[in-house]
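>>> the amino acid sequence is not available; the structure is as follows:
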């Protein structure tokens, strides 16, 4: 294993000689009284530890360590001085990013301990830097995967849906049509799962798109995403918006919230109900938006209500779903510093109440 490299700059020859004599066997020590020479050594040797005396003829130790920081930020910097100058120490911490301070005259045992700890500090930081590089690489790979999931995987799904629709128009055999419907349901589950993965990843990132929200138009645009199901199952939708102030929030997360709640209301409608309904009421003021989404569907039994926001929890396994929807809703609400409450009566319906803070002040600034 290569020995740790130390550069020691001091204008007193005796200090350089005694330091070299004490530590040359344990470390690869470079000593010099010339600041330009020290800069050259730092550039060429890239030492793990840089030590300098505070009182130097051209620039102070603090100023030298600041230059060294620009050249080799990962190195550990140590300042020495025969003067108890606390202001110099504070300045060195602020500008030179020093690790420690050695007061002259030295105690060799103290200096030895400081150097040992400095090496450990350097190695720990190097491990952290290596891990950060790996994390950045992993994050970049994850970005590519999410892009693939949202584009490359969903593209053939769209194609399959189109082919199924054409096949239905050309085939009248009831059994074949039943098989087509089964394929369509499976494709829909896969598409929903891929969409959930993408939403989960994007919601976890601290990136926001704050915009003024026209709730009526926004909710109508979300409902259009489910227009086929709403028409197929004859679902009545009612939107009531009372706005007393301009409301601002993150559009991506608001769409996650409303989309997943509406999707659940459609999935968990009563199959024998001829009049399934979804009611959405919104009240906004300068502080918040209160959103209440109510359906007359199957409802949720009391024993399950404290689990519905858990990842992969499914109230009814026989109903298609991935158990991520309400988990994503809760995560998105929390990202927006809001609150969510669920009230449900089995076979009566479910009401979800949301309070989202108004982020209008962000646009003002």
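Yes, it's here. Quantities reported herein were computed from a predicted structural model and do not represent experimental measurements.
>>> now do the helices in this protein.
13-23, 35-45, 61-71, 86-91, 108-147, 154-170, 174-204, 215-224, 227-232, 251-267, 325-335, 360-364 (DSSP state H).
>>> any chance of these in a markdown table, with mean pLDDT, mean neighbour count and distance to residue 245 too?
Placement of C-beta: from N, CA and C, glycine included. Listed next are those as a markdown table, based on pLDDT from 0 to 100; neighbours: other Cβ atoms under 10 Å; distance: least, Cβ to Cβ, whole Å:
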| stretch | mean pLDDT | mean neighbour count | distance to residue 245 |
| --- | --- | --- | --- |
| helix 13-23 | 92 | 15 | 68 |
| helix 35-45 | 94 | 16 | 59 |
| helix 61-71 | 89 | 19 | 49 |
| helix 86-91 | 67 | 14 | 48 |
| helix 108-147 | 86 | 13 | 35 |
| helix 154-170 | 82 | 12 | 38 |
| helix 174-204 | 74 | 15 | 26 |
| helix 215-224 | 94 | 16 | 12 |
| helix 227-232 | 86 | 12 | 30 |
| helix 251-267 | 90 | 21 | 16 |
| helix 325-335 | 88 | 21 | 20 |
| helix 360-364 | 73 | 11 | 7 |
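>>> so which of the ones you listed is nearest residue 349?
helix 251-267 (8.9 Å; Cβ to Cβ).
>>> do I have it right that residue 234 meets residue 273?
No: in terms of Cβ atoms under 8 Å, residue 234 does not count as a neighbour of residue 273; the distance is 9.5 Å.
>>> higher neighbour count, those two?
residue 273 (14 against 11; other Cβ atoms under 10 Å).
>>> so what's the more buried one up against?
Under the criterion of Cβ atoms under 8 Å, 6 or more residues apart in numbering, the neighbours of residue 273 are 296, 297.
>>> need the per-residue pLDDT for it.
Predicted confidence (pLDDT) for residue 273: 77.
>>> ok, now how distant is it from residue 296?
7 Å (Cβ to Cβ, to the nearest Å).
>>> residue 302: what's its closest spatial neighbour, skipping adjacent residues?
Computed as Cβ to Cβ, 6 or more residues apart in numbering, the closest residue to residue 302 that is not its neighbour in sequence is residue 346, at 7.7 Å.
>>> quick check: the gap between the one you found and residue 64.
To residue 64, residue 346 is 74 Å away according to Cβ to Cβ.
>>> again with residue 161
Per Cβ to Cβ, residue 161 is found 68 Å from residue 64.
>>> ditto for residue 17
Distance from residue 17 to residue 64, by Cβ to Cβ: 20 Å.
>>> next: residue 169.
Distance, residue 169 to residue 64, using Cβ to Cβ: 80 Å.
>>> cool, and residue 217?
Distance, residue 217 to residue 64, using Cβ to Cβ: 62 Å.
>>> please apply the same query to residue 40.
Taking Cβ to Cβ, one finds residue 40 at 13 Å from residue 64.
>>> return the set of residues that bridge with the closest residue in space to residue 102 that isn't next to it in sequence.
Nearest-residue entry for residue 102: residue 80, 4.3 Å, with adjacent residues in sequence omitted and distances by Cβ to Cβ, 6+ apart. Counting by DSSP bridges, residue 80 is bridged to residue 53, residue 102.
>>> thought residue 80 was touching residue 51?
Yes: Residue 80 is in contact with residue 51 according to Cβ under 8 Å; the separation is 6.4 Å.
>>> residues shared between the contacts of those two?
Common neighbours of residue 80 and residue 51 (Cβ under 8 Å, 6+ apart) are residue 102.
>>> who has more neighbours, the two?
Neighbour count, other Cβ under 10 Å: between residue 80 and residue 51, residue 51 has more, with 29 against 22.
>>> residue contacts, that one?
6, 7, 8, 9, 19, 77, 78, 79, 80, 102 are the contacts of residue 51 under Cβ under 8 Å, 6+ apart.
>>> let me know the closest of these to residue 184.
The closest of the contacts of residue 51, once distances to residue 184 are taken by Cβ to Cβ, is residue 77, at 65.7 Å.
>>> any chance of the helices of the chain in TSV, plus distance to residue 309?
Shown next, in TSV, are those (distance: least, Cβ to Cβ, whole Å):
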stretch	distance to residue 309
helix 13-23	59
helix 35-45	55
helix 61-71	47
helix 86-91	49
helix 108-147	23
helix 154-170	26
helix 174-204	14
helix 215-224	20
helix 227-232	23
helix 251-267	11
helix 325-335	4
helix 360-364	27
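>>> nearest to residue 280, of those helices?
Closest of these to residue 280 is helix 215-224, at 5.7 Å (criterion: Cβ to Cβ).
>>> ok and the closest one relative to helix 251-267, angle-wise?
For helix 215-224 against helix 251-267, the angle between stretch directions is 50 degrees (axes from the mean of the first three to the mean of the last three Cα atoms, to 10 degrees).
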